[in-house]
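[1] Below: sequence and its predicted model.
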Amino acid sequence: VQTCALPIYGLYGDRFVAGFEELGFVVHRIVIPDGEDAKTLEVYAELADRVLTVGIDKLSILISLGGGAVANVCGFIASTLHRGIGLIHFPTTLLAQCDAAISHKQAVNAPHGKNLVGSYYAPLRIVVDPDVLQTLDDWLLPDGMGEIVKHALCQDATLLKMLDDYDGSLRDPAFLERVVRRTIELKCQVIDIDPKEKREAVVLVYGHTLGHPIEAISHRPGSLCCLSHGQAVAIGCVIAARVAVKMGLADHGVVQRTVDLCAKYELPTVVPADQSVTQIMAKLPYNKTWTQEGTVMALLEDIGRLFNVDQNYLLPVEEAVIREAVAETMAPDMGDFGQPNLTFQGDELQEQQKDLSPFEQDLRNQHAKALKELQRRVASERGDAAASAAYSTNLEYRKWQVNLEKEVLRDLVAQLQKEKVARSEEH
């Protein structure tokens, strides 16, 4: 049974299936939703039923063709049907080729957070062809670089030097093959000796303790920035570096080093302004690095090396320290640019409206509704180059949002003034 995402089906689906059929295999194809929309319990149940309806046995093999989400959901289905059938991955995105498909971990998301329902299950084979990366949309290359940067920051000086020295295009085939090959080597090294990430393989979750909650929150309806996994991991790495400094484990230079490397590869380094420290902290108990005693984190001792105590790489961190680190990583509020924050919702909107005239209340209400629609539109177009570029730095992101709100407000004021004139003329 072959499963793939809809965009990949159009590029490779027919030729991919035809190749297996020419070899004498009976192939049943299933096209699934793209991205995180595929990683839900509902989609898992539907797909599992479709695979069983097709008819399989213990010798059947489930093949994923697509990005990380396809590999995750396909792997979880393979691990659970008949208590385990064959699994092969053909990853087609940079993130999948260097991370998601190179793993024993198979999972789907739950309402509380990412990858909370899953299993450890090894694929029979993983086939990686960097040439297919040339078909990717521009935003998907920095997305994959998030995991590659993570490995460089916490595991390998060779990869770090490779990233530091490179100054060409992210689409360069030779560069992509080098970084994919090295990242796979690094990941396989630790998976072989620590498949369940209890010791050495903890490097794989570096940046994820805060990255996962930030990513999950960004996927709520109406969120201003809908972050990809690699983008969220980059932000998580910045927060983790700050935590390490606050705990006295690393020199302050690791923070700037992390920010600079992320920025070089077009990755965000601040938490989106429409998230809050309280929201992020509330998500931590639904993360796999949370224990009943609190949150544990993988933290740097220096660039390229994690701190450990007797080979224990997950360290307990006080909630207050995490709060401070997250707060310091938040994008600045609108006031930093001399502009009022005009986004009002719920009780805040009602409180602000107490001293407003009916005209001003009308303006506020319409402005809030218009902004909500704009946020929804931006979130639904996360592949849009302008939005991605605007988010690349703290300052440019906030300027972009300010200009967006000013433009909306200007249009609304003009519209309301026309309506006010029209009402006056009627009376």
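    Structure's in. What do you need?

[2] Could you check the pLDDT of the residue nearest to T135 when sequence neighbours are not counted?
    Closest residue in space to T135, ignoring its immediate chain neighbours: L11 at 5.9 Å, by C-beta to C-beta, 6 or more residues apart in numbering. In this view, the C-beta of every residue, glycine as well, is placed from N, C-alpha and C. Looking at L11, its pLDDT reads 74.

[3] Please determine how far L11 is located from S223.
    Noted for L11: a distance of 29 Å to S223, by C-beta to C-beta, to the nearest Å.

[4] more crowded one of these two?
    S223 (18 against 15; other C-beta atoms under 10 Å).

[5] isn't there a helix covering the more buried one?
    No: assigned with DSSP: H, G, I helix; E, B strand; the rest coil, S223 falls outside any helix and is coil.

[6] circling back to that earlier point, give me the three-state assignment for the residue nearest to T135.
    helix.

[7] shouldn't it be in contact with Q134?
    No: L11 lies out of contact with Q134 (C-beta atoms under 8 Å); the separation is 11.0 Å.

[8] Let me see the contact set for D131.
    P173 (C-beta atoms under 8 Å, 6 or more residues apart in numbering).

[9] just use 11 as the starting number from now, easier for me
    Sure, I'll start counting at 11 from here, so that last one is D141.

[10] Now do it, the pLDDT please.
    94.

[11] looking at this, it is in a helix?
    Yes: counting by three-state DSSP, one finds D141 located in a helix.

[12] how near is it to E207?
    Taking C-beta to C-beta, one finds D141 at 31 Å from E207.

[13] V127 is in what secondary structure piece?
    Following DSSP states H and E, one finds V127 within strand 123-130.

[14] Run me through the strand neighbours of whatever helix or strand comes next after that strand, direction for each.
    Sequence-wise, the next helix or strand downstream of strand 123-130 (DSSP H and E) is strand 135-136. Its sheet considered, strand 135-136 pairs with strand 96-101 (parallel) by DSSP bridges.

[15] what's the strand it pairs with in contact with?
    26, 69-78, 81, 84-85, 88-89, 106-107, 110-111, 131-139.

[16] Kindly recompute the last result at 6 Å.
    The contact list for strand 96-101 (C-beta atoms under 6 Å, 6 or more residues apart in numbering) reads 71-75, 81, 85, 88, 107, 111, 133-137.

[17] Check stretch 58-72 too.
    11, 38, 40, 84, 87-88, 92, 95-97.

[18] Select from the residues you listed every entry located in helices.
    Among these, DSSP state H puts 84, 87-88 in helices.

[19] ok so, going back, how close does the residue nearest to T145 sit to Q165?
    Applying C-beta to C-beta to L21 and Q165 gives a distance of 32 Å.

[20] What would the host helix or strand of A335 look like as PDB? C-alpha coordinates only.
    Element membership for A335 (DSSP H and E) is helix 329-339. Taking Å, rounded to 0.1, in the frame of the first residue of the first chain, the C-alpha atoms of helix 329-339 are listed here in PDB:
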ATOM      1  CA  GLU A 329       9.400  26.900  35.800                       C
ATOM      2  CA  ALA A 330      10.500  30.500  36.700                       C
ATOM      3  CA  VAL A 331      13.700  30.100  34.600                       C
ATOM      4  CA  ILE A 332      11.700  28.900  31.600                       C
ATOM      5  CA  ARG A 333       9.300  31.700  31.900                       C
ATOM      6  CA  GLU A 334      12.100  34.300  31.900                       C
ATOM      7  CA  ALA A 335      13.800  32.700  28.900                       C
ATOM      8  CA  VAL A 336      10.500  32.600  26.900                       C
ATOM      9  CA  ALA A 337       9.700  36.200  27.900                       C
ATOM     10  CA  GLU A 338      13.100  37.400  26.600                       C
ATOM     11  CA  THR A 339      12.400  35.600  23.300                       C
END
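
[21] what separates that helix from the chain centre, distance-wise?
    Centre-to-centre, helix 329-339 and its host chain are 20 Å apart (C-alpha atoms, centre = their mean, to the nearest Å).

[22] What helices and strands are in contact with it?
    If you count contacts as 3 or more C-beta pairs under 6 Å, 6 or more residues apart in numbering; DSSP states H and E, helix 329-339 packs onto helix 239-256, helix 287-293.

[23] and the residue nearest the centre of the chain, what pLDDT?
    Taking C-alpha atoms, centre = their mean, the centroid of the chain lies closest to H239, which sits 1.7 Å from it. H239 carries a pLDDT score of 93 in this model.

[24] Please apply the same query to V138.
    For V138, the predicted pLDDT is 96.

[25] okay, now it: neighbour count?
    With other C-beta under 10 Å as criterion, V138 counts 19.

[26] which residues does the closest residue in space to it that isn't next to it in sequence contact?
    Nearest residue to V138 in three dimensions, chain neighbours excluded: Q107, at 5.0 Å (C-beta to C-beta, 6+ apart). Applying C-beta under 6 Å, 6+ apart to Q107 gives the contacts 101, 138, 190.

[27] ok, back up a step: report the two of the contacts of strand 96-101 separated the most.
    I71 and Q107 (20.1 Å; C-beta to C-beta).

[28] Pull out the buried residues from stretch 226-244.
    Residues of stretch 226-244 classed as buried: 226-229, 233-244 (neighbour count, 16 or more other C-beta atoms under 10 Å).

[29] So N119, which state does it fall into?
    strand.

[30] Many thanks, I have nothing further to ask.
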